[in-house]
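1. structure of the sequence below:
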Amino acid sequence: MISSVCIYCASSNSIAPIYGDVAIKLANMLVDNDIAIRFGAGNNGLMAKIADTVVAKNKEKITGIIPRFMYEENWHHTGLSNLVITETMHERKQLMVKDVDAVIALPGGIGTLEELLEIITWKQLGIFLQPIIIVNTNNYFSPLLSMINKASEENFMRKEHLNLFGVVDTVDEILKAIEECPIYDISIRKFAAL
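-> Numbering: from 1, shown residues only. So this is what the prediction gives:
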C-alpha cells in the first residue's frame, strides 16, 4: 500500500507546457489515490503546478520542505498548510524522503538531477530502500540513463545497480512501477562496490 511519496521536479517556469501537464496529472492521480506528497516547497515551475493542484483538492495531502535561506528569499509556496523549514539543504533532503513509500523524479534542472542521483546512491548504499521511479517525459532523462548505462558497461558500477530505479514514460505507469520494484534490504551493501 502506497501512502506517501517524495517528488523531485523543476523550479523553472520557462519549460515546455508538456512538463506542466504531466506534473498536474501526477498531482491529481496521487490525491485521488489518497497518497500524500512531500516536495521542495517551491513556488515556481513544476513544484508550483503540483502544489497548486493538490492545495485546490486537499491541502493536507502535501508537505513542503525548504531550507531557511530559501524561505527568507520567499521561494516557498504560500498556499501550503504543511511547511517545514530546515536549517540546511542536507536536512531538507533527508526529511523529504524520511519514511516515504517511493520517490518520483519528474524532469528538472541540476537540483533535481542532483537529488535523483543522490537518492539512487543512497539506495546503492542501503540508506534508502524504497522504489525510485523516473518519469521520462519527452525522453528528458534519456541522456542521463545512457550515461548510467555507460557507467555500468565500463564497470564503474555493477549491472545490478541498474535495477535500483524504474523508468516510465507516463504518469499512468507510475503506481504499477512502484508496486513492481524489487524489494531491497541493507544486504544490498554487499555489492555496493565492484
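
2. helix, strand or coil: sort out the closest residue to Asn82 other than its chain neighbours for me.
-> Setting aside the residues directly before and after it, Asn82 is nearest to Thr63 in space (C-beta to C-beta, 6 or more residues apart in numbering), at 4.0 Å. Using the backbone N, CA and C atoms, a C-beta is placed for each residue, glycine as well. Secondary structure, DSSP: H, G, I helix; E, B strand; the rest coil: Thr63 is strand.

3. just so I have it, where are all the helices in the protein?
-> Using DSSP state H, the helices of the chain run over 17-32, 45-58, 68-72, 89-97, 110-124, 142-153, 174-180.

4. off-centre distance for the longest one?
-> Distance, stretch centre to chain centre, for helix 17-32: 13 Å (C-alpha atoms, centre = their mean, to the nearest Å).

5. again with the third one
-> Here helix 68-72 is found 21 Å from its chain centre; the criterion is C-alpha atoms, centre = their mean.

6. next one: the last one
-> Averaging C-alpha coordinates over helix 174-180 and over its chain gives two centres that are 14 Å apart (C-alpha atoms, centre = their mean).

7. neighbouring contacts of that helix?
-> 2, 5, 26, 29, 33, 101-102, 104, 131, 133, 135, 166, 168 (C-beta atoms under 8 Å, 6 or more residues apart in numbering).

8. take these and write them to CSV, including neighbour count.
-> As requested, these are exported to CSV (neighbours: other C-beta atoms under 10 Å):
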residue, neighbour count
Ile2, 18
Val5, 24
Leu26, 26
Met29, 14
Asn33, 10
Asp101, 15
Ala102, 22
Ile104, 25
Pro131, 24
Ile133, 23
Val135, 25
Gly166, 20
Val168, 18
